[in-house]
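# Okay, here's the prediction I keep looking at, along with the sequence it came from:
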Amino acid sequence: MSRGSDPVAGSGPPLPASFYARATDAVARDLLGRFLWRRLENGRAAGGRIVETEAYFGPGDPGSHARRRTPRSAIMYGEPGRAYVYFTYGMHYCFNVVAHEPDGVGAALIRALEPLADLEGMAERRGKAVRGAGGQLKDKLLCSGPARLTQALAITRALNGTDLTAPPLWISGSETVPDRVVTVTPRIGLRTGADLPARFIITDSPFLSR
DNA sequence: GTGACGATAATCT
DNA sequence: GATTATCGTCACA
């Protein structure tokens, strides 16, 4: 970021749909270091730098919702560059970007952000869990997990299917981080056997989910 | 610091 | 009826 003092403007225009029309794991890898932004009802923008992602594939990937085509997973069979937001465990939303080659299936789960803009708003939406003794803000707890970041950015199922190449929810950033700062690990939270090495992290980030 | 557990409802078999 | 791409809290060390 370099232009002016507004982090949103300084991070450049939204990534085009073509960015997402590539192999799912390549997109998940290349999302590291980019910026996720959310324009809120009050006009403010909340956002952060993507530091952790996972790739979920289509039929043949037992850990993926899209291992079968169902009403919920159909969006992963559709147009790249749209949001896939689902509700789980009776209380949490998770945010994915539909990403795959032509006629492919898949999406990249955004698992953690380094919070950059509207930290106070994030803290309000996240609730008391992000405050320590004396009301001190624990910024590591704002966006370090897939359900935490959706709460911090006010992402709900109302945004399922939205186009990510324009507000109110978009990703920007023109730089691809170098391989030397990236680590690949097994995916998290799945039944063993489905935990493919398809989790991508910025190795030394303090804002990872674990 | 670590590990167990319950919350809570959409989704699918 | 079972499962779940999670998180916060509470023990205990």
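That came through fine. Numbering: from 1, shown residues only, chains lettered A, B, ... in the order given.

# Give me the secondary structure label for the residue nearest the centre of chain A.
Geometric centre of chain A, nearest residue: A:I110, 2.4 Å, by CA atoms, centre = their mean. What DSSP: H, G, I helix; E, B strand; the rest coil gives for A:I110 is strand.

# so how many other residues sit close to the spatially closest residue to it that is not a sequence neighbour?
The spatial neighbour of A:I110 that comes closest, neighbours along the chain excluded (CB to CB, 6 or more residues apart in numbering), is A:F95 at 5.3 Å. Any C-beta I mention is one placed from the backbone N, CA and C, and that applies to glycine too. Using other CB atoms under 10 Å, A:F95 has 26 neighbouring residues.

# So is stretch A:103-123 next to DNA strand C?
Yes: Stretch A:103-123 reaches DNA strand C (CB under 7 Å from any atom of the strand) through A:A107, A:L109.

# Would you mark the buried spots in that stretch?
If you call a residue buried by 16 or more other CB atoms under 10 Å, then stretch A:103-123 has these buried ones: A:104-119, A:121-123.

# swap in stretch A:41-50?
A:A45, A:A46, A:G47, A:G48, A:R49, A:I50.

# Among the residues you listed, which ones are in strands?
Using DSSP state E, A:A45, A:A46, A:G47, A:G48, A:R49, A:I50 are the members of the buried residues of stretch A:41-50 that sit in strands.

# contacting residues for the second one?
If I follow you right, that is A:A46. Contact analysis of A:A46 by CB atoms under 8 Å, 6 or more residues apart in numbering lists A:W37, A:R38, A:L40, A:A117, A:D118, A:G121, A:M122, A:A152, A:L153, A:A154.

# What does the last one show for phi and psi?
Meaning A:A154. Backbone torsions for A:A154, taken as degrees, to the nearest 10, come to phi 60, psi 50.
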